[in-house]
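A.B. asks: Next come a sequence and a model predicted from it.
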Amino acid sequence: MTAQNSIAEKSFFGRYFLYKLRTNFNYLVFNLIFAFLGMPVMAVCLTYTVGKVNDIVEGRLAEYKTYALNNLGTLLDADTFFMALIFCAIAVMSMFRYNLKKCDSDLYLSLPLTNSQRFFADLGVGAVISVAPTFIMGGIASVVTALSGTKLSDKIFSASETEGFLSICLSFVNEKTYLKDIAGIVFFVFITAVTALVFVYLTAVLINACTGRTGDSVVYTILAMIVAVFATLAVFAPVFAVAGEQLDGYMTDIFGKVPPLGTVLAALISFLMLKMNAYNDVYENFNLFNMYSIDTVIVLVISAGVLVLLAYLANKYRKAENTGNHFAFESAYHIITLALIAGIIAAAVGISNMTVLTTDSLTLIVIISLCAVGYFFAELAHGRKLKKIWQSVLRFVITVVASLLLFTALINSGFRDLFFRVPDASEVSGASASYNIVYCDGNNDYKTIYFEDEESKKAVVDFNKFLVDNKYCFLAGESFKAER
């Protein structure tokens with residue numbers, strides 16, 4: 001039975017919203033509890049740890065085991081974020097269960113609601129259940145941490161790693177950069193978690209509207225999020241295949257625009273870059289919030305709007321009689337599966353440049369073979385008849401050829417030059433060469449030499465051009481930079 005637009009009173013939207021919120025209130029309570037055990041506890045643990053470390057540095061405390069408490073906060077935050085993801089799935093399947101169960105479809109689509117009223121009411125209640133708890137608790141943790149003003153004592157930055165208890169407590173001498181700005185760390189985790197949850201939820205809503213069974217909804221929601229990452233790797237592999245320190249910075253900028261998995265990946269890379277800064281000051285001007293540039297925020301807002309629009313249209317135009325089928329829209333299945341295959345193959349070839357390797361023919365054959373096995377398994381699970389399997393073979397072959405042609409075209413075009421341009425020597429005001437010395441006792445020392453003479457500047461520029469033109473990602477840990 002296809003949903004009918006009604007001429008119901010406008011206030012029924014509010015009644016329906018409250019009804020769905022009341023019937024799913026238990027999920028909201030459970031998610032609030034888990035959210036409370038996440039970021040607020042993490043913030044308390046970090047603040048308490050820093051306070052005790054300061055007491056030790058200032059001589060007010062002889063010794064205190066801080067690691068257990070600090071690790072407990074981090075562990076709880078990770079676990080509760082995972083639970084929040086589960087509640088996203090629960091919220092979507094509960095709010096939009098009429099897309100997955102025939103009996104619920106007949107019931108809910110007969111209510112005196114328009115398609116728009118039903119969709120936005122369910123979308124709002126689902127967001128309250130899955131995202132609001134993390135937003136509320138994370139916001140509270142960020143505000144309280146900022147108001148506390150807790151920060152590491154300045155003495156810690158001049159302390160030796162061998163000064164008694166500091167060698168144990170601050171073998172996070174490499175972690176002191178994390179704890180230098182507790183409020184910043186908590187706020188960064190907060191906005192990253194909320195951003196990821198919003199896009200996990202919206203992606204799940206969209207895929208739910210395109211599928212007709214619970215299993216397909218869950219599986220293809222995960223695959224759809226993976227597709228975005230592999231597609232990004234495939235398209236931007238020529239950009240990543242460059243020399244030196246620019247690599248990580250561009251990865252955080254690009255992946256930050258590909259939520260939700262890309263956002264999480266960019267955040268992890270950002271933390272890694274921050275940790276590297278504590279060792280050798282490679283990223284002396286690095287800031288965690290670099291990944292949330294204005295253009296990234298604009299892309300995220302537009303992406304969220306597009307997901308909502310697509311989900312709304314899918315819910316509006318899907319036919320109720322398709323409930324119970326694998327997919328309500330067959331095109332969604334083909335887009336997800338074939339895009340994933342194309343992304344994996346193109347990314348596998350492209351990423352090889354990032355590690356200064358080459359994808360030999362045998363490796364490429366293995367990758368294509370594994371993709372073929374996975375695709376034909378999906379086709380059979382999708383209900384494809386054996387007499388029509390030739391169509392599946394044709395689609396797979398076209399996808400493989402197209403993905404290889406796409407990457408070949410990108411790698412041989414000027415696409416990479418849109419992101420990286422080595423200036424001429426005449427445009428360079430100064431140059432530097434950095435290298436890492438490793439001593440016999442295991443210690444290392446990072447050195448930088450600066451050049452101002454024209455011959456040295458030209459040599460550095462030529463070397464950078466060589467690295468970029470030949471798609472080298474690194475060169476034995478050494479880096480050369482030309483500065484305007």
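C.D. replies: Looks like it came in fine. Numbers count the residues shown, from 1 in each chain.

A.B. asks: quick one, helices of the stretch 351-484 of the chain?
C.D. replies: Secondary structure of the stretch 351-484 of the chain (DSSP state H, counting those that start in this stretch): helices located at 361-381, 389-411, 454-469.

A.B. asks: helices or strands up against the shortest one?
C.D. replies: In terms of contact count using 3 or more CB pairs under 8 Å, 6 or more residues apart in numbering; DSSP states H and E, helix 454-469 is assigned the packing partners strand 430-438, strand 479-483. C-beta here means a position set from N, CA and C on the backbone, and glycine is covered the same way.

A.B. asks: now the first one
C.D. replies: Packing partners of helix 361-381 (3+ CB pairs under 8 Å, 6+ apart): helix 330-354, helix 389-411.

A.B. asks: Taking helix 330-354 as reference, get the angle to that helix.
C.D. replies: 160 degrees (axes from the mean of the first three to the mean of the last three CA atoms, to 10 degrees).

A.B. asks: The last one too?
C.D. replies: Helix 454-469 and helix 330-354 are oriented at 140 degrees to each other (the same axes, to 10 degrees).

A.B. asks: buried ones in helix 454-469?
C.D. replies: Of all the residues in helix 454-469, those buried under the rule 16 or more other CB atoms under 10 Å are S456, K457, K458, A459, V460, V461, F463, N464, K465, L467, V468.

A.B. asks: Reformat those into JSON lines and put pLDDT next to each item.
C.D. replies: Output for the buried residues of helix 454-469, formatted as JSON lines (pLDDT from 0 to 100):
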{"residue": "S456", "pLDDT": "79"}
{"residue": "K457", "pLDDT": "78"}
{"residue": "K458", "pLDDT": "81"}
{"residue": "A459", "pLDDT": "82"}
{"residue": "V460", "pLDDT": "79"}
{"residue": "V461", "pLDDT": "79"}
{"residue": "F463", "pLDDT": "78"}
{"residue": "N464", "pLDDT": "73"}
{"residue": "K465", "pLDDT": "75"}
{"residue": "L467", "pLDDT": "68"}
{"residue": "V468", "pLDDT": "65"}
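
A.B. asks: what's the closest of the residues you listed to N26?
C.D. replies: V468 (56.5 Å; CB to CB).

A.B. asks: Could you export the helices and strands packed on helix 361-381 to a markdown table, including columns for distance to R22, mean pLDDT and mean neighbour count?
C.D. replies: Shown next, in a markdown table, are the helices and strands packed on helix 361-381 (distance: least, CB to CB, whole Å; pLDDT from 0 to 100; neighbours: other CB atoms under 10 Å):
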| stretch | distance to R22 | mean pLDDT | mean neighbour count |
| --- | --- | --- | --- |
| helix 330-354 | 32 | 77 | 20 |
| helix 389-411 | 46 | 82 | 15 |
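
A.B. asks: What ranges does the stretch 201-350 of the chain have for its strands?
C.D. replies: With strands called from DSSP state E, counting those that start in this stretch, the stretch 201-350 of the chain shows none.

A.B. asks: could you pull out the helices for it?
C.D. replies: Using DSSP H, counting those that start in this stretch, the helices of the stretch 201-350 of the chain run over 214-240, 246-255, 261-280, 294-317, 330-354.

A.B. asks: between these, which gets the lowest average pLDDT?
C.D. replies: Set side by side, those give their lowest mean pLDDT on helix 246-255, at a mean of 65.

A.B. asks: so who does A121 touch?
C.D. replies: F13, Y16, F17, K20, L113 (CB atoms under 8 Å, 6 or more residues apart in numbering).

A.B. asks: which stretch of helix or strand covers the third one?
C.D. replies: Under the assignment given by DSSP states H and E, the secondary-structure element containing F17 is helix 12-23.

A.B. asks: Mind giving me the packing neighbours of that helix?
C.D. replies: Judged by 3+ CB pairs under 8 Å, 6+ apart, the packing partners of helix 12-23 are helix 115-130.

A.B. asks: Can you name the next helix or strand after the helix it packs on?
C.D. replies: Heading towards the C-terminus - elements assigned by DSSP H and E - helix 115-130 is followed by helix 132-148.

A.B. asks: CA atoms only: put that following helix into CSV for me.
C.D. replies: Taking C-alpha atoms only, helix 132-148 is exported to CSV below (Å, rounded to 0.1, in the frame of the first residue of the first chain):
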residue,chain,number,x,y,z
ALA,A,132,21.7,14.7,21.3
PRO,A,133,23.1,12.8,24.3
THR,A,134,26.7,13.1,23.0
PHE,A,135,26.1,16.7,22.1
ILE,A,136,24.8,17.6,25.6
MET,A,137,27.4,15.7,27.6
GLY,A,138,30.2,16.7,25.3
GLY,A,139,29.2,20.3,25.5
ILE,A,140,29.0,20.2,29.3
ALA,A,141,32.5,18.5,29.4
SER,A,142,34.0,21.2,27.1
VAL,A,143,32.5,24.1,29.0
VAL,A,144,33.5,22.8,32.5
THR,A,145,37.0,21.9,31.3
ALA,A,146,37.5,25.3,29.8
LEU,A,147,36.2,27.1,32.9
SER,A,148,38.4,25.0,35.2
